[in-house]
Every structure is written in structure tokens, then in C-alpha cells.
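Novice: Based on what follows, work out the 3D shape:
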Amino acid sequence: MCDSPNFSERLKKDISLLVIHNISLPPGEFGNDFIDHFFTNKLDPSKDPYFEDIHEMKVSSHLFIDREGQITQFVPFDKAAWHAGISEFNGKENCNEFSIGIELEGTDDLEYTSNQYETLIEATKTLMKAYPDISADNIVGHSDIAPTRKTDPGDSFDWDLYKSSLS
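Specialist: Residues are numbered from 1 along each chain as shown. Model prediction:
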């Protein structure tokens, strides 16, 4: 667990959506601790020019899965992590209130690793058991709930492999 301060209390406890994201900091670079720093508000803007624009943002996810398949939890599932931003799913706005966010270390156009898929599938199955309202139909990409702003997890994410492994 790596505690992020970027969450709020859920107004309702009806967790019914799982959102898949990607992140790399700086973009396209992997295997460093910049994501941990970003989600805990400790990102040093002097470390990379890209960080100058984002270091004051307050964001987080519930889980992060690195390229090796290692998982880090940043926010407890009963809290609303700040991962979705302005978003809507099936007519309901503010998806942070009723979703769990999982970030994969990656980009829209680079394939994810087999270790990441294995960890993601295992985590998803566990979450589906704990939160029965999360069905395969309620597992989406960030691009599905914020299509005018977001493109992740991108074309490189193998939805068929992932969803076929959940049954």
C-alpha cells in the first residue's frame, strides 16, 4: 500500500464499474518511481519538463500494475479515488463515485506485458467477487467514460484476451 491523499469519501457504496487506464511518467518511460510520486503529490517538476505541467494535479487510482505485474494499492476500495475526472457511464456522471480505477504502466500504442494481464485478470476476478455489481459489461476503458478527453488504455490493450479470461 502506498497511501495517496487524492481521494474522497464515497457518497454511496454502490461500486458497479471498473475503469482501466494507462500511465507512464514521463510518457513512454517505465520502471521508475515517478507514478508513486505523482499519486502522492510529491512529483518534483525539476526532474522532467513534462512534470512542470502536471506536478500540481491531484490524481490517484485504486491500483497500479507495473510492467512486471507488481501491484500497488493507492486508495482503499471503499473510498473514491480521483482517477476518472469528468466522466459518465450509462447516464451516471462522476464515475469516481461508483467505480474502481486500475492504472497499467503503459501507453496507448505499446503492448502491455503478459505479467500485467495476469495480475489484472486476477485482481479483476477478486474485485468482481467482492463487488457483484461489477460485471464484464461494467468494465471499461477511461476512453469509454471520457471519450472527448481520454484515449487510454488505447488500441494496444487486448480487450478480447482480458475479458475472455474473466469467465
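Novice: Now do the contacts for Asp152.
Specialist: Ile20, His21, Asn22, Ile23, Asp108, Gly141, His142, Ser143 (C-beta atoms under 8 Å, 6 or more residues apart in numbering). Quick note: C-beta positions are derived from backbone N, CA and C, even for glycine.
Novice: Ok, Asp14 next?
Specialist: Per C-beta under 8 Å, 6+ apart, neighbours of Asp14: Phe98, Asp133.
Novice: Repeat that for Tyr112.
Specialist: Applying C-beta under 8 Å, 6+ apart to Tyr112 gives the contacts Leu104, Gly106, Pro153, Ser156, Phe157, Asp158.
Novice: Now do the residue sitting furthest away from the middle of the chain against Leu17, distance only.
Specialist: Going by C-alpha atoms, centre = their mean, the residue of the chain most distant from its centre is Ser46, 25.4 Å out. To Leu17, Ser46 is 37 Å away according to C-beta to C-beta, to the nearest Å.
Novice: got the phi/psi numbers for Phe38?
Specialist: phi -60, psi -50 (degrees, to the nearest 10).
Novice: Then Tyr117?
Specialist: phi -60, psi -40.
Novice: tally of neighbours for it?
Specialist: 18 (other C-beta atoms under 10 Å).
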